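# Structure for this input, please:
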Amino acid sequence: MPKASGSKGGKSAANSRITSKIEAMAWNGDFTQVAIGVDKSIVVYSAPKADKKAWSKTAEMENAHGLDISGLDWSSVTNKIVSCSHDRNAYVWTLNEDGTWKPTLAILRISRAALCCKWSPDGHKFAVGSGSKTVPVCQFDKEQDWWNSKIINKKRGSSVQHKSSIVSVAWHPNSQFLATACADKKCRVYCARGAHDDEIQLGAMEDFVEDSDPDFGDALFEFVSQGWVHDCEWSPNGKQLAFVSHDSSVSVVNFSESSGAGDAQPLVTTIPYKGLPFTTCLFSTENQLIVAGYDFFPLRVDKDGDDWTYGKPVDEMKAKVNKKANSAMAKFQNRDNLGQDTKVEALLTKHQAAIRCLAINGSKLFSAGSDGRLQFWNL
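Here you go, the predicted structure:
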């Protein structure tokens, strides 16, 4: 287990590129600090204030894991960070009074990499997606002083099961249901009620579920896609579920409406996209989605009546004018340095590589990508 670690102060980045790459990002409750997964380490930064552009490093958990970090989440209820890694482990980090972070081991019982993790909205538990085709749901055991897990796996007599890696998980707002995005081209919804949940609250899903009192691990829904599912997310009121797939599509499940088919099923709307696939999604409102991925810019998806349509990109993608580009000196320098007259210009998008993570706080959108950039956007 890594030791409690942290550092006060440190270097600052004067622009949006704060590290070499970002594969995992998590903000605290008031969006004043962000945790970044950099290789095997976790770095915590204070967000720039209005009059400054610099990122200030407040803590660093060096070698927090044995292999690269694959998932991070920061609970707004308990102020704890959960991290997971390809080393098959997960840790819950608690902030000490001296500014260091103390890790507590979570017992996952998986034989393949841990690929994602997410706190429940109530802060009592967290779920971990894995390459073992299972989802450990962890709660704290006070007697043993660790986070013990119950496993979501195929139940006897059920035909629903994960047949590949679970790459993303999303909690319903009531913390009793869990959506999973799987590489077997399916998005599923499971009951993940905890010991403290006295009564199940199905809400809008009640009309489509046969058992009104499901047990932990019961599969409630299974939605098919034409490509492996990268990410899934619930709407703020829990009546809609969105997921993005590698076939360059966005699908939205509306539990308030029926599909009209013979079997009672919620309405699923799939919106094809002409560009490259999306890797992440989130709801900004009940009527708007933000998606991003291999096209390097966040994109709005707006609800118009019963239909969903692609709106304007959040990134304006303005070209920078280079007055010296056609000068004789510039051509000579390009021939000397590049072996050609013209220099390959940077992409018009703020991000120069795939966007991996999105977060939202009111009208502010935050995106992080494999280029190491963390961008702020006004919606």
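# hang on, residue 317 packs against residue 348?
Yes - between residue 317 and residue 348 there is a contact under CB atoms under 8 Å: 4.1 Å. Heads up, the C-betas are built off the backbone N, CA and C, glycines and all.
# joint contacts of these two?
Residues touching both residue 317 and residue 348 (CB atoms under 8 Å, 6 or more residues apart in numbering): none.
# Please enumerate the helices of the chain.
Ranges of helices in the chain, per DSSP state H, are 328-338.
# So in it, which strand runs the longest?
strand 249-258 (DSSP state E).
# Okay, buried residues for it please.
249-255, 257 (16 or more other CB atoms under 10 Å).
# Could you check how far residue 306 is from residue 267?
Separation of residue 306 from residue 267 (CB to CB, to the nearest Å) stands at 8 Å.
# what is in contact with those two at once?
Counting by CB under 8 Å, 6+ apart, the contacts common to residue 306 and residue 267 are residue 257.
# And the two? Which one has more around it.
residue 267 (16 against 9; other CB atoms under 10 Å).
# bridging residues for the more buried one?
residue 254 (DSSP bridges).
# From residue 172, how far out is it?
18 Å.
# Equivalent analysis for residue 358, please.
Distance, residue 358 to residue 172, by CB to CB: 19 Å.
# of the two, who's got more company?
Taking neighbours as other CB under 10 Å, residue 358 and residue 172 compare with residue 358 leading, 25 against 22.
# Name the residues linked to residue 292 by a beta bridge.
The residues that residue 292 bridges to, once DSSP bridges is applied, are residue 280.
# hang on, isn't it packed against residue 276?
No - at 10.6 Å, residue 292 and residue 276 do not qualify as touching, with contact defined as CB under 8 Å.
# When those two are compared, which one has more neighbours?
More neighbours surround residue 292 than the other of residue 292 and residue 276, with 29 against 13 (other CB under 10 Å).
# and the more buried one, what does it touch?
Neighbouring residues of residue 292 by CB under 8 Å, 6+ apart: 278-281, 298-299, 355, 358, 367.
# Give me the below-cutoff pLDDT ranges for the stretch 101-250 of the chain.
Where the stretch 101-250 of the chain drops to pLDDT under 70, the residues are 157, 195, 197-198.
# all strands of the stretch 101-250 of the chain, in order?
With DSSP state E, counting those that start in this stretch, the ranges of strands along the stretch 101-250 of the chain come out as 101-106, 114-119, 125-130, 135-141, 146-152, 166-171, 177-182, 186-191, 219-224, 229-234, 240-245, 249-258.
# Need the ones you listed in TSV (columns: distance to residue 19).
Formatted as TSV, the strands of the stretch 101-250 of the chain follow (distance: least, CB to CB, whole Å):
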stretch	distance to residue 19
strand 101-106	18
strand 114-119	20
strand 125-130	24
strand 135-141	28
strand 146-152	28
strand 166-171	22
strand 177-182	25
strand 186-191	31
strand 219-224	35
strand 229-234	22
strand 240-245	25
strand 249-258	29
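# Distance check, the closest residue to residue 279 other than its chain neighbours against residue 193.
In space, residue 279 comes closest to residue 293 once its chain neighbours are excluded; the distance is 3.9 Å by CB to CB, 6 or more residues apart in numbering. As judged by CB to CB, residue 293 and residue 193 stand 32 Å apart.
# go on, residue 71?
From residue 71 across to residue 193, the span is 22 Å (CB to CB).
# now swap in residue 222 and tell me
Computed with CB to CB, the distance linking residue 222 and residue 193 is 19 Å.
# which one of the two has more residues nearby?
residue 193 (24 against 14).
# My understanding was that that one contacts residue 202; is that so?
No - applying CB under 8 Å as the test, residue 193 and residue 202 come out as separate, 11.0 Å apart.
# re the thing from before, need the contacts of residue 292 in CSV (columns: distance to residue 378 and pLDDT).
Below are the contacts of residue 292 laid out as CSV (distance: CB to CB, whole Å; pLDDT from 0 to 100):
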residue, distance to residue 378, pLDDT
278, 21, 97
279, 22, 96
280, 19, 96
281, 19, 96
298, 12, 95
299, 15, 96
355, 17, 94
358, 14, 95
367, 12, 94
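# Closest to residue 78 out of these?
In terms of CB to CB, no member of the contacts of residue 292 lies closer to residue 78 than residue 358, at 22.6 Å.
# any idea how far residue 54 is from that closest one?
Distance, residue 358 to residue 54, by CB to CB: 23 Å.
# ok, now residue 156?
56 Å.
# For the two, indicate the residue with more neighbours.
residue 54 (14 against 4).
# The more buried one against residue 48, yeah?
Yes - assessed by CB under 8 Å, residue 54 is found in contact with residue 48 at 5.9 Å.
# ok, residue 352 - contacts?
Neighbours of residue 352 in contact, by CB under 8 Å, 6+ apart: 296, 346, 369, 371, 373.
# Would you point out the most distant pair within the residues you listed?
Going by CB to CB, the pair spanning the contacts of residue 352 furthest: 346 and 369, at 14.3 Å.
# okay, the two: which has more neighbours?
Taking neighbours as other CB under 10 Å, residue 346 and residue 369 compare with residue 369 leading, 28 against 9.
# what's the pLDDT at that one?
Here the pLDDT value assigned to residue 369 is 92.
# same thing with residue 265?
85.
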